[in-house]
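[1] I'd like to go over a predicted model; first the sequence, then the structure.
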Amino acid sequence: MSKAGPTKGEAGYTYAALLVLIFALALGATATTIPPSTTFQRNAEAELIHRGQSYARAIESYWRADPDNPEFPPTLEALLDDPRENGRRHIRRLLDPVIASEWRVIWADTGGVLGVSPASEKPSFRRSSFPEQMRVEDGAVTYAQWTFVFDPETQE
């Protein structure tokens, strides 16, 4: 009578083939996932852009608040409490730049705050597809090269 099952020398090949297949699938799955650090940095960049645009809009609001005598705010704090109009707020609160420790203020030639830029030399993931309110130098690779400004000559 013959036994059911593998004969001598055939045992274990199916198991080994299954292990190789599972390993290959796991390797393929890890190659297609995005690391959490990459996702975190992309989300931080999106938040940085949002906050920088908030400053650009606040500076525009300050500029347009007095159509007879438009001027740039003397400081970022003036966006919180417009000295020309008591109690007028152009931004709810001063926002930190998320990625950098602070903002670098960009001054207008005529005086006042023209915009802001993150004070960080860290390399950025995003290299293209920037919003219109941003000025980004060609070949910009760091956050310090991202600027958020209000330019009345291009906005009118």
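    Cool, got the structure.

[2] going forward, measure contacts and count neighbours with C-alpha atoms only.
    OK.

[3] which helix runs longest in this structure?
    helix 36-64 (DSSP state H).

[4] where in the protein is pLDDT low?
    1-11, 155-156 (pLDDT under 70).

[5] pull out the buried positions in the longest helix of the chain.
    45, 48-49, 51-63 (16 or more other C-alpha atoms under 10 Å).

[6] tell me the one of the residues you listed nearest P123?
    Comparing those against P123 with C-alpha to C-alpha places E45 closest, at 11.0 Å.

[7] isn't the closest one right up against I99?
    Yes. With contact defined as C-alpha atoms under 8 Å, E45 and I99 form a contacting pair (7.5 Å).

[8] overlap of the contact sets of those two?
    Common contacts of E45 and I99, defined by C-alpha atoms under 8 Å, 6 or more residues apart in numbering, are absent altogether.

[9] then stretch 20-39 to PDB, C-alphas only?
    Provided in PDB are the C-alpha atoms of stretch 20-39 (Å, rounded to 0.1, in the frame of the first residue of the first chain):
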ATOM      1  CA  VAL A  20       9.600  33.600  -1.200                       C
ATOM      2  CA  LEU A  21       6.300  34.900  -2.600                       C
ATOM      3  CA  ILE A  22       5.300  36.500   0.700                       C
ATOM      4  CA  PHE A  23       8.700  38.100   1.000                       C
ATOM      5  CA  ALA A  24       8.500  39.500  -2.500                       C
ATOM      6  CA  LEU A  25       5.000  40.900  -1.800                       C
ATOM      7  CA  ALA A  26       6.100  42.600   1.400                       C
ATOM      8  CA  LEU A  27       9.100  44.100  -0.300                       C
ATOM      9  CA  GLY A  28       6.900  45.500  -3.100                       C
ATOM     10  CA  ALA A  29       4.500  46.900  -0.500                       C
ATOM     11  CA  THR A  30       7.200  48.800   1.400                       C
ATOM     12  CA  ALA A  31       8.600  50.200  -1.800                       C
ATOM     13  CA  THR A  32       5.200  51.800  -2.700                       C
ATOM     14  CA  THR A  33       4.400  53.300   0.800                       C
ATOM     15  CA  ILE A  34       5.300  56.900   1.600                       C
ATOM     16  CA  PRO A  35       7.400  57.300   4.700                       C
ATOM     17  CA  PRO A  36       5.600  59.200   7.500                       C
ATOM     18  CA  SER A  37       8.400  61.800   7.600                       C
ATOM     19  CA  THR A  38       7.800  62.700   4.000                       C
ATOM     20  CA  THR A  39       4.100  63.000   4.600                       C
END
